[in-house]
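Asker: Mind looking at a prediction? Sequence and model below.
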Amino acid sequence: MSVGMTELLIFLGIGLVAGWIAGLLLGGGGLIRNLIVGVIGAFVGGWLLSVLGVSLPIGNALLSQIVTATIGAIVVLALARIIAG
């Protein structure tokens, strides 16, 4: 499977938005940190919602991906803070 530049940029954009929202909700951050948290959160959110059997009732695919990534980013950021003490 090949990922094109457009798909990569969309994924990074979703991660940046998700990380930014998570940073707003939980405080702290910075552009690079938010991007990293958001991208990791996109994977975590997708996995977590799948494992829990949760399907978001959002008609817009892009918005659904942003919400999923944001949920994951919040989980990642919260866990990072717990681990860091």
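Answerer: That came through fine. Residues are numbered from 1 along each chain as shown.
Asker: Give the buried residues for the longest helix that the chain contains.
Answerer: Longest helix in the chain by number of residues (criterion: DSSP state H): helix 61-84. By 16 or more other CB atoms under 10 Å, the buried positions in helix 61-84 come out as 65-77. For glycine as for every other residue, the C-beta is placed from the backbone atoms N, C-alpha and C.
Asker: Which of these sits closest to Trp47?
Answerer: Comparing the buried residues of helix 61-84 against Trp47 with CB to CB picks out Gly72 as the nearest, at 7.8 Å.
Asker: if I read this right, the closest one contacts Ser50, doesn't it?
Answerer: No - here Gly72 lies out of contact with Ser50, judged by CB atoms under 8 Å, at a distance of 11.1 Å.
Asker: Contacts only, for the closest residue to Ile21 other than its chain neighbours.
Answerer: Leaving aside its sequence neighbours, Ile21 sits nearest to Thr70 (CB to CB, 6 or more residues apart in numbering; 4.8 Å). With contact taken as CB atoms under 8 Å, 6 or more residues apart in numbering, Thr70 is in contact with Val17, Ala18, Ile21, Ala22, Gly38, Gly41, Gly45.
Asker: Can you report how many residues neighbour the first one?
Answerer: Around Val17 sit 19 other residues, with neighbours defined as other CB atoms under 10 Å.
Asker: what residue is smack in the middle of this structure?
Answerer: Most central in the chain under CA atoms, centre = their mean is Ala69, positioned 2.6 Å from the mean C-alpha point.
Asker: so who does that one touch?
Answerer: Each residue near Ala69 by CB under 8 Å, 6+ apart is listed here: Ile14, Gly15, Val17, Ala18, Gly38, Gly41, Ala42, Gly45, Gly46.
Asker: ok, so what distance separates it from Gly85?
Answerer: Computed as CB to CB, to the nearest Å, the Ala69 to Gly85 distance reads 26 Å.
Asker: Over to Ile71?
Answerer: Distance from Ile71 to Gly85, by CB to CB: 24 Å.
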